[in-house]
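Chemist: Sequence and computational prediction follow.
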Amino acid sequence: MAVVISGCSREEKVSVDSDSTINRTLVPDSELRGATIHLYERDVVTTEIIAERLLKFEAQDSTMAYQLEIDFFDSTGQIKTELVGDSGIIRERSKLLYVYGNVVVTTSDSSKLETDYLFWNFNTDKIETDAFVRITKNGDVITGWGMETDPGLTRIKILNRVSGTIKDNQNSSE
């Protein structure tokens, strides 16, 4: 997976004296504002990450992102899934993404997942959470606690306290 980063402004690593009481792991290697990151697989853009602010911590394989907007593309370059959240942690080498606060995942068929937190593992191509979830799909609404799904929200497993409202398609006339 290759990464290309662009941004409006950049602040390089802050130097810290060896006698300083500041822990070096708490100081980012770089900071970007108004950043856009493109993730590639074999010369094809698979993901676009837009963030108001990024803090890069190289040694920890962590990028802290604030005000996230992420687009995931299919093989033809069309957006298949969009994700927004207040903040997140991107782990490039291990291909993991954690998103926090007002998280909304929307697919190209207008399915929507809403939660406070999720974990996206690109290695297994699964989205997981133990938080409350609300899924809206074709007018149906399902809620519960904890979930596992694929990025297209086609195979959804709610883990606890499932409830929902299912539209009766057979009795509706169009």
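Modeler: Now that the structure is in, tell me what you want to look at.
Chemist: Any regions of this structure where pLDDT drops low?
Modeler: 1-25, 168-174 (pLDDT under 70).
Chemist: Mind jotting down where the strands sit in it?
Modeler: Secondary structure of the chain by DSSP state E: the strands cover 2-6, 9-12, 30-41, 44-57, 62-73, 79-91, 96-107, 112-121, 126-137, 140-149, 156-165.
Chemist: Now mean neighbour count too, for these, in a markdown table please.
Modeler: C-beta coordinates here come from the backbone N, C-alpha and C atoms, glycine included. Formatted as a markdown table, the strands of the chain follow (neighbours: other Cβ atoms under 10 Å):
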| stretch | mean neighbour count |
| --- | --- |
| strand 2-6 | 12 |
| strand 9-12 | 11 |
| strand 30-41 | 17 |
| strand 44-57 | 18 |
| strand 62-73 | 19 |
| strand 79-91 | 19 |
| strand 96-107 | 19 |
| strand 112-121 | 18 |
| strand 126-137 | 18 |
| strand 140-149 | 17 |
| strand 156-165 | 13 |
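Chemist: give me the number of residues near the nearest residue to Q78 once chain neighbours are set aside?
Modeler: Among residues not flanking Q78 along the chain, S108 sits closest, at 7.0 Å (Cβ to Cβ, 6 or more residues apart in numbering). By other Cβ atoms under 10 Å, 13 other residues sit near S108.
Chemist: What residues does S108 make contact with?
Modeler: 78-81 (Cβ atoms under 8 Å, 6 or more residues apart in numbering).
Chemist: One more: G152?
Modeler: 80-81, 107, 109, 111.
Chemist: For those, work out which two are farthest apart.
Modeler: Using Cβ to Cβ, the contacts of G152 reach their maximum pairwise distance at K80 and S111, which is 11.0 Å.
Chemist: re earlier: next, format the contacts of G152 as JSON lines and append distance to T63.
Modeler: Shown next, in JSON lines, are those (distance: Cβ to Cβ, whole Å):
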{"residue": "K80", "distance to T63": "23"}
{"residue": "T81", "distance to T63": "20"}
{"residue": "T107", "distance to T63": "25"}
{"residue": "D109", "distance to T63": "30"}
{"residue": "S111", "distance to T63": "28"}
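Chemist: Just to check, V103 is in contact with S87?
Modeler: No: using Cβ atoms under 8 Å, V103 is not in contact with S87, being 9.8 Å away.
Chemist: Using PDB, list the CA coordinates for stretch 62-73.
Modeler: Provided in PDB are the C-alpha atoms of stretch 62-73 (Å, rounded to 0.1, in the frame of the first residue of the first chain):
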ATOM      1  CA  SER A  62       0.000   6.400  14.000                       C
ATOM      2  CA  THR A  63      -1.600   9.300  12.300                       C
ATOM      3  CA  MET A  64      -4.100  11.200  14.300                       C
ATOM      4  CA  ALA A  65      -6.800  12.800  12.100                       C
ATOM      5  CA  TYR A  66      -9.400  15.400  12.900                       C
ATOM      6  CA  GLN A  67     -12.600  16.100  11.000                       C
ATOM      7  CA  LEU A  68     -12.300  13.100   8.800                       C
ATOM      8  CA  GLU A  69     -13.900  12.500   5.400                       C
ATOM      9  CA  ILE A  70     -12.900   9.200   3.700                       C
ATOM     10  CA  ASP A  71     -13.900   7.900   0.300                       C
ATOM     11  CA  PHE A  72     -13.300   4.300  -0.700                       C
ATOM     12  CA  PHE A  73     -13.200   3.600  -4.400                       C
END
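Chemist: I'm done for today, thanks for sticking with me.
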